[in-house]
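**Student:** Got a predicted model here, sequence first, then my questions.
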Amino acid sequence: MKNTKGKGSLKLIGRFLPYYKKYKWVMVLDLFCAALTTLCELVLPLIVREITDAATSEPMALTFELIIRSGVLYIVLRIIDTVANYYMASVGHIMGTKIETDMRRDFFGHLQKLSFSYYDNAKVGSLMSRITSDLFDVTEFSHHCPEEFFIAGIKIVCAFAILCTMSIPLTLIVFAVIPIMLVVLTVFNRRVREGFRQSRVQVGELNSSVEDSLLGIRVVKSFANEAVEEEKFEKGNQKFLQIKKKVYHAMAGFQSSTRLFDGIMYIIVVVVGAVFMMYEKISAADFMAYLMFVTTLLTSIRRIVEFAEQFQRGLTGIERFYEIMDVEPEITDAPTAKAAKDIRGDVEFRGVSFHYGDDKKNVLSDIDLKVKAGESIALVGPSGGGKTTLCSLIPRFYDVSSGEILLDGKNIKELTVSSLRENIGVVAQDVYLFAGSIRENIAYGKRDATDEEIAEAARLAGAHEFIDALPDGYDTYVGERGVKLSGGQKQRISIARVFLKNPPILILDEATSALDNESEKLVQTSLEMLAKGRTTFTIAHRLTTIRNADRILVLTEDGIAEEGSHEELIAKDGMYAELYKLYSNM
């Protein structure tokens, strides 16, 4: 994983700039409007200068015509300013929201591409924080950042040029303070940015803690551990408080330093300007205009200061965005990968070994296995023997560490991941239903399925009867993670999804483990019907469910310990026979 922490702000902004491409003309017009509002603001001191100069140099020159003309000019400029500001506040903000939307789409799309190995270590709550609150701040950043710096640039350049026409020495003295000011503020800025980065990380940790506690609320209450959860949350909450304290101390130093430099620049203009006036180096009209321009200049700097917190939040959001976007998916299509077509279902493992991540200890070692199309394979053995891992390698949820897996004689890495997985149906032990209706959850197996197809899939899975008995039938809302249904009901709906998908290869990972005896028999009959003519891998602890498998493999940490039919393995009186006797006596 590439780390963006510590990267310069300019580099981060450079990476962010492509998001403006779609909206470049909106941005150009937005900056044009920003220029108009700035020029309108800069004209007022010049109007005051002209009127003051006319009144002090030659009183007769101060006429109603001059006053009315100046007033009308200013009103026209204010109307222009109002229209330009409306565009900036509406269309400009909408552009920022569109950029946020684009980033959220890219972020979510990237999360979908990341491999199982990434999610084995990731915290969902932290990812949710990045895709929501972090990107909210990017909206304001993407709109205001170009505006504020563009406006500040125009004001500083124009103010410098105009002030030089009044008094070059005074202007040089005033502007000499600005670099010192920027150096001091940069120090505080870095502290603020680091503080915001830490606070974002801690918000993600808090979200993870809350999510973990609430998803496990039934376990919490069953153990009467509410106080334990509150204590865990409070530790994270207090850590967040301490981080925010540091951030606000840095921000206070930032803002206080700005106020100090404001005062220094004002007193320089007042004192030095008064001395210059005394020696007739500057006129009273120029002095008045000078004070107004310095006020405008300081207002601009103050706006940048006020924007600094928003700027740092936005930059932190962008930084955390790219931290995830820089994570490369481990499972990708090879450049020459082709879509899997007309799959029969022959599966072969050749010298397959596998270990997770940096753990050098193999979960599977030198596995050689040939499975013919339509053959039913059952995997049994002690926990940790690699049964689920072996099946997870077929749809490339993980990639083999060495060796290769062939599908119909082709290395699965030569096939596109999506087409490979479209030909494999998985019913996992840990059933997951999406929040929505029963109909939507079954249709997840085939997005364009008709109501008749959905109902038929439910019948095959033994689910139609209980669904039909519900008040809302197939439109019944299942709740978060299917909480409104029993374990057996959820399992049958997940099986119905696979019936609807109708793939040539099936992976059944403890598919009937959550069912009562009656439901198990019903679903087992349906699964046997589904398995006919399809390559099936069944992981089971209930050994009675796999007696009819064509082959049973006993998988241990040392590899395939035994292989054969139920009768053959019982006759061998080895490990399988012991497991079967143990299960039969339970």
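**Tutor:** Yes, it's here.

**Student:** So residue 535 versus residue 374, what's the distance?
**Tutor:** In this view, residue 535 and residue 374 are 6 Å apart by Cβ to Cβ, to the nearest Å. Placement of C-beta: from N, CA and C, glycine included.

**Student:** Between these two, which has more neighbouring residues?
**Tutor:** residue 535 (26 against 16; other Cβ atoms under 10 Å).

**Student:** so who does the more buried one touch?
**Tutor:** 345, 346, 347, 371, 372, 373, 374, 375, 377, 504, 505, 506 (Cβ atoms under 8 Å, 6 or more residues apart in numbering).

**Student:** quick check, nearest of those residues to residue 493?
**Tutor:** residue 506 (16.7 Å; Cβ to Cβ).

**Student:** what's near enough to touch that closest one?
**Tutor:** 424, 425, 426, 427, 498, 530, 531, 534, 535, 536, 537, 538 are the contacts of residue 506 under Cβ under 8 Å, 6+ apart.

**Student:** tell me, what's touching residue 535 and residue 374 both at once?
**Tutor:** With Cβ under 8 Å, 6+ apart as the test, residue 535 and residue 374 both reach residue 345.

**Student:** Select from the contacts of residue 535 the one having the most neighbours.
**Tutor:** residue 505 (24 neighbours).

**Student:** Phi first, then psi, for that one.
**Tutor:** According to degrees, to the nearest 10, the main-chain angles of residue 505 amount to phi -120, psi 130.

**Student:** now swap in residue 123 and tell me
**Tutor:** According to degrees, to the nearest 10, residue 123 has phi -110, psi 120.

**Student:** what's the burial count for it?
**Tutor:** Residue 123: 16 neighbours (other Cβ under 10 Å).

**Student:** Please enumerate the helices of the stretch 301-450 of the chain.
**Tutor:** Per DSSP state H, counting those that start in this stretch, the stretch 301-450 of the chain carries helices over the ranges 387-393, 417-422, 438-442.

**Student:** Indicate which one of these is closest to residue 581.
**Tutor:** Here helix 387-393 is closest among these (Cβ to Cβ), at 19.9 Å.

**Student:** what about residue 356, neighbour count?
**Tutor:** Count around residue 356 with other Cβ under 10 Å applied: 15.

**Student:** From residue 478, how far out is it?
**Tutor:** Taking Cβ to Cβ, one finds residue 356 at 32 Å from residue 478.

**Student:** try residue 127
**Tutor:** Counting by Cβ to Cβ - residue 127 and residue 478 are separated by 24 Å.

**Student:** where do the strands sit along the stretch 351-500 of the chain?
**Tutor:** Using DSSP state E, counting those that start in this stretch, the strands found in the stretch 351-500 of the chain span residues 364-371, 376-380, 402-407, 410-411, 424-427.

**Student:** Residues touching the strand or helix carrying residue 15, excluding its own?
**Tutor:** In this assignment (DSSP states H and E), residue 15 forms part of helix 9-16. Residues outside helix 9-16 that contact it (Cβ under 8 Å, 6+ apart): 4, 142, 145, 193, 315, 318, 319, 322.

**Student:** Give me the lowest-pLDDT entry from those.
**Tutor:** When the contacts of helix 9-16 are compared by pLDDT, residue 4 scores lowest at 42.

**Student:** returning to that earlier point: what's the following helix or strand after the helix holding residue 15?
**Tutor:** Next element after helix 9-16 (DSSP H and E): helix 24-57.

**Student:** From the chain's centroid, how far away is that next one?
**Tutor:** 42 Å (Cα atoms, centre = their mean, to the nearest Å).

**Student:** what packs against that helix?
**Tutor:** helix 64-87, helix 93-113, helix 135-166, helix 284-325 (3 or more Cβ pairs under 8 Å, 6 or more residues apart in numbering; DSSP states H and E).

**Student:** What about the contacts of helix 9-16, which one has the most neighbours?
**Tutor:** residue 142 leads the contacts of helix 9-16 on contacts (other Cβ under 10 Å) with 28 neighbours.

**Student:** need the contact list for that residue.
**Tutor:** Contacts of residue 142 by Cβ under 8 Å, 6+ apart are 16, 19, 20, 95, 96, 99, 100, 314.

**Student:** same question, residue 102
**Tutor:** Counting by Cβ under 8 Å, 6+ apart, residue 102 has contacts 19, 22.

**Student:** Tell me the confidence at it?
**Tutor:** pLDDT, residue 102: 92.

**Student:** returning to what we had before: out of the helices and strands packed on helix 24-57, the one nearest residue 577 is which?
**Tutor:** Of those, the one closest to residue 577 (Cβ to Cβ) turns out to be helix 93-113, at 44.9 Å.

**Student:** State the number of residues packed around the nearest residue to residue 143 once chain neighbours are set aside.
**Tutor:** Nearest non-adjacent residue to residue 143, counting by Cβ to Cβ, 6 or more residues apart in numbering: residue 96, 3.4 Å away. When neighbours are counted by other Cβ under 10 Å, residue 96 registers 22.

**Student:** how much space between the residue at minimal distance from the centre of the chain and residue 100?
**Tutor:** Nearest to the mean C-alpha position of the chain, by Cα atoms, centre = their mean, lies residue 131 at 3.4 Å. To residue 100, residue 131 is 10 Å away according to Cβ to Cβ.

**Student:** longest helix anywhere in the protein?
**Tutor:** Taking DSSP state H as the criterion, the chain has its longest helix at helix 226-278.

**Student:** what about it, average pLDDT?
**Tutor:** What helix 226-278 shows for mean pLDDT is 86.

**Student:** For that helix, what is the distance to the chain centroid?
**Tutor:** 30 Å.

**Student:** what angle sits between it and helix 284-325?
**Tutor:** With axes from the mean of the first three to the mean of the last three Cα atoms, to 10 degrees as the basis, helix 226-278 and helix 284-325 are set at 150 degrees to each other.

**Student:** now the angle from helix 226-278 to helix 135-166?
**Tutor:** Using the same axes, to 10 degrees: helix 226-278 against helix 135-166 is 10 degrees.

**Student:** Please name every helix or strand in contact with helix 226-278.
**Tutor:** Using 3+ Cβ pairs under 8 Å, 6+ apart: helix 226-278 touches helix 168-215, helix 217-222, helix 284-325.

**Student:** so which of these gets nearest residue 468?
**Tutor:** Using Cβ to Cβ, the nearest of the helices and strands packed on helix 226-278 to residue 468 is helix 217-222, at 28.2 Å.

**Student:** Residue 347 is in contact with residue 410, isn't it?
**Tutor:** No - counting by Cβ atoms under 8 Å, residue 347 sits too far from residue 410 to count as a contact (11.0 Å).
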